[in-house]
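In: Quick one: sequence plus predicted model below, questions after.
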Amino acid sequence: MSRIHPTAIIAPGAAIPESCVVGPYCTVGPEVVLGEGCVLVSHVVLDGRLHAGARNRFAPFAALGVPPQDLKYGGEPTGLSFGEDNDIREYVTISRGTVGGGGTTRIGSGCLIMAYVHIGHDSLIGDGCILANGATLAGHVTVEDYASVGALCPVHQFCRIGRYSYVGGGTTITQDVLPFSLTSARRETHAYSINKVGLTRRGFSPERLRALQHAFRLLLAAKMNTTQAVMRLRAESAGPQAPLASEDIEYLLGFIESSERGVLK
């Protein structure tokens, strides 16, 4: 326990392995459970039923597992969970869940959550996500695996950010962001193309990129509405050669068809 600074306040009941480092002036609540090798640099607040996997790093003045900013919240025992190898930077705030939203806010593994990000109650963040400085997620937001949300982006409650998508800085998100897309607010918020640079970095083959580019041309540039574009892609995927019968296209179409707020095009 010598790796806990004498100025840190650790509530009875908190589970902190000896491999963890707890720096000066940190506050850890009684229901916090940390995995091996976690680091609390200084002035970190961990509260509520917070469970964190191994090797998470919490920078100064992060406040995690704090009560949700929801007027309906009445002190119910809700929680926040982290996977492994996340980097949580300065002044990040992440609220624990609410009973009405499932009870737990969840962060995956391998995420970079930059300074001043806020993640509201009952949000679900996948693996490998990047949330840039000042991104603000309302409650019940879903950010799927390997998506990136740019700086100063407000995201409306119940919106979904599809996997492998990239949201440009300063973009207001009020509907679902298409998977694989590059979405930005140049004049108004639109999806402009596939996130080709990000997909290439993630090892997408030229064949996968061509299939997605074709799908996005039909969705974004063809003279047809979303329903017609989806029907066209379904028909092509069911054809004798089935050039688009890939998991990427099936996932994209399923994402669109399951959207409750509509998708940004």
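Out: Received the coordinates, thanks. Residues are numbered from 1 along each chain as shown.

In: List phi and psi for Val63.
Out: Actually, residue 63 is Ala rather than Val. Geometry field for Ala63 lists phi and psi as phi -120, psi 110, criterion degrees, to the nearest 10.

In: residues in contact with the residue lying closest to it once chain neighbours are set aside?
Out: Leaving aside its sequence neighbours, Ala63 sits nearest to Val45 (C-beta to C-beta, 6 or more residues apart in numbering; 4.4 Å). No exception for glycine: its C-beta is placed from N, CA and C like everyone else's. Residues in contact with Val45, defined by C-beta atoms under 8 Å, 6 or more residues apart in numbering, are 26-27, 62-64, 66.

In: what are the ranges of the helices in the protein?
Out: Along the chain, the stretches classed as helices by DSSP state H are 196-201, 206-216, 226-237, 247-257.

In: Worst mean pLDDT across the helices and strands of this protein, which element?
Out: Taking mean pLDDT, DSSP states H and E as the measure, the chain has strand 189-194 as its least confident helix or strand, at a mean of 87.

In: remind me which residues of the stretch 51-200 of the chain are low pLDDT?
Out: Within the stretch 51-200 of the chain, the ranges that satisfy pLDDT under 70 run 187.

In: let's see it at 90
Out: For the stretch 51-200 of the chain, applying pLDDT under 90 flags the ranges 185-192.

In: On the pLDDT front, check Gly239 for me.
Out: On pLDDT, Gly239 comes in at 60.

In: what does Gly37 give?
Out: Confidence at Gly37, expressed as pLDDT, is 97.

In: Just give me the neighbour total for it.
Out: 16 (other C-beta atoms under 10 Å).

In: does it really touch Gly53, like I thought?
Out: No - the pair Gly37 / Gly53 is not scored as a contact, 9.7 Å apart, by C-beta atoms under 8 Å.

In: mind checking which of the helices of the chain is nearest Val177?
Out: Nearest of these to Val177, taken as C-beta to C-beta: helix 247-257 at 9.6 Å.

In: Domains in this protein, by residue range?
Out: Structurally, the chain divides into domains by automatic domain parsing as follows: 9-143, 200-257.

In: what about the longest one, how long is it end to end?
Out: Counting by C-alpha to C-alpha, to the nearest Å, you get 33 Å between the two ends of domain 9-143.

In: cool, and stretch 253-265?
Out: Taking C-alpha to C-alpha, stretch 253-265 runs 14 Å from one end to the other.

In: Please apply the same query to stretch 174-181.
Out: Taking C-alpha to C-alpha, stretch 174-181 runs 16 Å from one end to the other.

In: can you list contacts of that stretch?
Out: Around stretch 174-181, the neighbours that count as contacts under C-beta under 8 Å, 6+ apart are 144, 147, 156, 159-167, 183, 189, 191-195, 199, 212, 216, 219, 248, 251-252, 255-256, 259, 261-265.

In: Just the buried residues out of these, in PyMOL syntax.
Out: In PyMOL, selecting the buried portion of those, with burial taken from 16 or more other C-beta atoms under 10 Å, looks like this:
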select buried, resi 144+147+159+160+161+162+163+164+165+166+167+183+189+191+193+194+195+199+212+216+219+248+251+252+255+256+259+263+264+265
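
In: Fine, thanks again, bye for now.
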